[in-house]
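Undergrad: Need a 3D model of the following:
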Amino acid sequence: MKRIDVCLSPEMVHLHKTEGKVVVVIDILRATSCMTTAIANGMESITAVASLDECKALGEQGYLTAAERDGKKVDGFDLGNSPFSYQDPTLKGKKIVVTTTNGTQAIVKSNGAKEIVIGSFLNFSAVVEYLRNQPNDVLMHCAGWKGKMNLEDTLFAGAVVDALKGDFSHDEDSVLTALNLYYSAKNDMMGFLLNSSHVRRLQGLGIIKDIEFCLTKDVYNVLPIMRDGKLVNSQAEKTVA
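TA: Below you'll find the model as predicted:
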């Protein structure tokens, strides 16, 4: 039987084998929610980079740029880290380069995986369906916050593990942690997360609408997947095929 594991932070990913696995990168608040929204709204591709300098360099080559640090948009870049920014119809067909405090770091640290896909509540069922129907072991890679675990990413990982019961086996405590967190929160995720560190941090920025949106299941039926260093829409690949 296929196996599933949960990495609670990018600082722990070296303890997990990524080679040969599908790695699902999770940064619910808000990077992977933004990426899902961008792909769902027709952006051609997303390139994730670790540094502001890398982002600027690709911006000079004609990419739209998006940069966030500590929850805030970085001055001098086109976009920040709100999913609503990526619903702009004028962005359709554009290529974007993104750097964030946590999410893009997790993507970069997932290099070596057989596949890298983007997970969020916004595309929850698309993620689950893809993982169920492919043949490889899976690592849920939580972006956390500056190397530490956080509740919202772990909660999502637990929700996916729960949905895949019967399809995957597991025996790591990190998986049990994620599962039990999800069981505690599933009936009121917003209420459960109100006292979490990152929700309190984002509330201080006045973006409660972003938080509520990012916790909404199945807004989009898309799966951003890494191809040749860029995140693209896997559903478009099916159409071409």
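Undergrad: now stretch 67-85: mean pLDDT?
TA: For stretch 67-85, mean pLDDT rounds to 94.
Undergrad: what's next to it, contact-wise?
TA: Residues outside stretch 67-85 that contact it (C-beta atoms under 8 Å, 6 or more residues apart in numbering) are 30-31, 33-34, 36-37, 52, 55-56, 59, 64-66, 86, 96, 98-101, 122, 201-202, 205, 207, 209-210, 213-214. C-beta here means a position set from N, CA and C on the backbone, and glycine is covered the same way.
Undergrad: and it, how far from the chain's centre?
TA: 16 Å (C-alpha atoms, centre = their mean, to the nearest Å).
Undergrad: One more: stretch 181-201?
TA: For stretch 181-201 - counting by C-alpha atoms, centre = their mean - the centre lies 17 Å from the chain centre.
Undergrad: And it, what's buried?
TA: L181, Y182, A185, M189, F192, L193, S196, H198, V199 (16 or more other C-beta atoms under 10 Å).
Undergrad: Report the lowest-confidence entry in these.
TA: H198 (62).
Undergrad: What segments of the chain are strands?
TA: 2-7, 22-26, 45-48, 64-69, 72-73, 95-99, 115-119, 138-142, 168-169, 224-227, 230-233 (DSSP state E).
Undergrad: follow-up on the earlier one: return the subset of the contacts of stretch 67-85 lying in helices.
TA: 31, 33-34, 36-37, 52, 55-56, 59, 201-202, 209-210, 213-214 (DSSP state H).
Undergrad: Just the buried subset of these, please.
TA: Taking 16+ other C-beta under 10 Å as the criterion, what is buried in the ones in helices among the contacts of stretch 67-85 is A31, S33, C34, T36, T37, C55, K56, G59, L202, D210, F213, C214.
Undergrad: Output the residues you listed in CSV, with distance to V222 and pLDDT appended to each entry.
TA: Shown next, in CSV, are these (distance: C-beta to C-beta, whole Å; pLDDT from 0 to 100):
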residue, distance to V222, pLDDT
A31, 16, 96
S33, 12, 98
C34, 13, 97
T36, 6, 98
T37, 9, 98
C55, 23, 98
K56, 28, 98
G59, 25, 97
L202, 24, 68
D210, 19, 91
F213, 16, 96
C214, 15, 96
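Undergrad: quick one: contacts for the residue lying closest to G112 once chain neighbours are set aside?
TA: Distances taken as C-beta to C-beta, 6 or more residues apart in numbering place T18 nearest to G112, at 4.9 Å, with adjacent residues excluded. Counting by C-beta under 8 Å, 6+ apart, T18 makes contact with S110, N111, G112, A113, L139.
Undergrad: One more pass at 7 Å, please.
TA: S110, G112, A113, L139 (C-beta atoms under 7 Å, 6 or more residues apart in numbering).
Undergrad: Buried members of the residues you listed into ChimeraX, please.
TA: Only the buried entries of the contacts of T18 go into this ChimeraX selection, using 16+ other C-beta under 10 Å:
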select :110,113,139
